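Visitor: just to be clear, the model below is a prediction. Sequence and coordinates:
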Amino acid sequence: MAFHIPEDYYYTKEHEWAQVDENIVTVGITEFAQDQLGEVVYCDLPEEGQKVTQGTTFGVIESVKAVSDLYSPVSGTVIEVNTTLMDDPSSLNDDPINEGWLVRIEMDSEKELANLMRAPDYKKLIADK
Amino acid sequence: MKKTPLYEDHIQLGARMVEFAGWQMPIQYSNLKDEHLTVRNHVGLFDVSHMGEFRLKGPRALETLQWLTTNNIAALEEDQAQYSLLPNSCGGLVDDIIVYCLKKNEDYLVCVNAANVEKDWKHFQENNKGAELVNESLYWAQIAVQGPKAFALLDSVLKINSASMKSFSLKKLNWNGHSVIFATTGYTGEKGGEIFIENKGASDLWKTLLQTGQDFGVKPIGLGARDSLRTEMKMSLYGHEIDDTTNPYEASLGWAIKPQAKDFLAKDIITKVKETGLTRSLIGFKMIDRGIPRQGYTLHDENDQEIGIVTSGTHSPTLDEPIGIGYVRPEFSQVGSFFYVDIRGKKTKASTCKTPFIAK
């Protein structure tokens, strides 16, 4: 299956994406992650104001068969949560890289972006799966 | 890792393969929800060739089985099948099984869980009372055909009248030159059956069922949906609801124990709970607060005292809501009782409900 992997996003090895707009980072899961999970039926997201740390869990998404942790691509403060997903996670299944975004984080330091992958490396990562 | 005779078929169908009990098995083909609802609304095919099969023959076959199992095999007539349990010497369960009577008193086939084949085989050998015992696990492939359209498909392919067969009965037949045992058993709550076929005929039979089944909306179904289907029916899965320490009465399996009819291994220990009373009961529950229960999550009362544990949980594709199975202290087994599931540290309200979760 061909997954859409935007060139301007950053990626974690746990299959989150991060779109950076100055110091605001929008976070979601990749199409590959959604495909691996199957239909997402539940998500547990942090509340606004919560502090998150790069590489640590900030929430959970569940499919019928599995529970998956969500890992924050950057450290910072959650400033917005896609609360529509709590009641109806369908956009997370249909369009995980746009409409199905999870949270927006005000990042502490853009230096952390150096720890993330860019699209060519992420493509290599999933090609090996 | 072992491959079933349908391995190449799964790959061609685009299945996602996983390791299960030492076998390469399809976890899903398209998506779990779609496969699940296909079985509920049309008909699905499952490769269950990883299951184990033991054959017990000869004049001591019945005596051996009676000692090893809790249900009454003597009541089984030729071409009937029976759900039963294998107790261990401590009163726990080695496995849950189905016994097929091929010839009364003389010839029985026992189907065991894939994950338990080695353990069960050792147990049979150690407790054999003189039956001719053969492990036929690598001889038989097994295809389950389940769903409201299953009988129509089975009749068309196997040239039988399956709707006229009682539940838990079987037919020995020949398909395309291969010996076949067809039984009206299953693990989904739907109509249908399971076909034992010798390995070399399995792929042809699978292809024929898929092709003929196009008219009935047939799809291949992975292990993922097999689990959500059985959970909706509150059917036990070894390693979840039952294990080496389970008293079968606690697991609501008393209907498969016949202490009046016969003696069997650890009978006194198992039946003792009928006098002393159960310390826990297996129940179904639904969530009042948001969250999906999963195996191993603990259950608590209002004062945060632990009162039980989740054995299986999922998001029910049929009901589109979370469902759970678990052990609770008996006072929480009444329908409508409230308790809390510890979901990642959050106390999440739930209540005991009627089971099966869906009406069948």
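Guide: Structure's in. What do you need? Residues are numbered from 1 along each chain as shown, chains lettered A, B, ... in the order given.

Visitor: who are the packing partners of the helix or strand harbouring B:Leu102?
Guide: Here B:Leu102, judged by DSSP states H and E, is contained in strand B:93-103. Applying 3 or more CB pairs under 8 Å, 6 or more residues apart in numbering or on different chains; DSSP states H and E, we find strand B:93-103 packed against strand B:81-87, strand B:107-112, helix B:117-126, strand B:178-183. C-beta coordinates here come from the backbone N, C-alpha and C atoms, glycine included.

Visitor: how about the ones you listed in JSON lines, adding distance to chain A, mean pLDDT and mean neighbour count?
Guide: Formatted as JSON lines, these follow (distance: least, CB to the nearest CB, whole Å; pLDDT from 0 to 100; neighbours: other CB atoms under 10 Å in any protein chain shown):
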{"stretch": "strand B:81-87", "distance to chain A": "25", "mean pLDDT": "98", "mean neighbour count": "22"}
{"stretch": "strand B:107-112", "distance to chain A": "24", "mean pLDDT": "98", "mean neighbour count": "22"}
{"stretch": "helix B:117-126", "distance to chain A": "24", "mean pLDDT": "98", "mean neighbour count": "16"}
{"stretch": "strand B:178-183", "distance to chain A": "28", "mean pLDDT": "97", "mean neighbour count": "20"}
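
Visitor: for A:Glu16, which of those is the nearest?
Guide: helix B:117-126 (40.2 Å; CB to CB).

Visitor: that closest one: what's the following helix or strand?
Guide: As the chain continues past helix B:117-126, the following element, by DSSP H and E, is strand B:132-135.

Visitor: and the angle from the following helix or strand past that following strand to strand B:178-183?
Guide: Next in sequence after strand B:132-135, counting helices and strands by DSSP H and E, comes strand B:140-146. Comparing the axes of strand B:140-146 and strand B:178-183 via axes from the mean of the first three to the mean of the last three CA atoms, to 10 degrees yields an angle of 40 degrees.

Visitor: I'd like to know which of the helices and strands packed on strand B:93-103 lies nearest to B:Leu62.
Guide: B:Leu62 lies closest, by CB to CB, to one member of these: strand B:107-112, at 7.7 Å.

Visitor: how far away from the center of its chain is the closest one?
Guide: 15 Å (CA atoms, centre = their mean, to the nearest Å).

Visitor: note down every partner strand of that strand and its orientation.
Guide: strand B:52-57 (antiparallel), strand B:93-103 (antiparallel) (DSSP bridges).

Visitor: quick check: closest non-adjacent residue to the residue of chain A found nearest chain B.
Guide: Closest to chain B within chain A is A:Val41: 4.1 Å, counting by CB to the nearest CB. The shortest distance from A:Val41 to any non-neighbouring residue, by CB to CB, 6 or more residues apart in numbering or on different chains, is to B:His315 (4.1 Å).

Visitor: name the helices or strands packed onto the top helix by length along chain A?
Guide: Across chain A, the helix with the greatest residue count (assigned by DSSP state H) is helix A:119-127. Helices and strands touching helix A:119-127, by 3+ CB pairs under 8 Å, 6+ apart, are strand A:10-11.

Visitor: mean confidence for the strand it packs on?
Guide: Averaging pLDDT along strand A:10-11 gives 98.

Visitor: quick one: strands adjacent to that strand?
Guide: strand A:16-21 (antiparallel), strand A:117-118 (antiparallel).

Visitor: what's that strand in contact with?
Guide: A:5, A:17-20, A:30, A:73, A:113, A:116-119, A:121-122, A:125 (CB atoms under 8 Å, 6 or more residues apart in numbering or on different chains).

Visitor: and the residues you listed, which two are furthest apart?
Guide: A:Val20 and A:Leu125 (19.5 Å).
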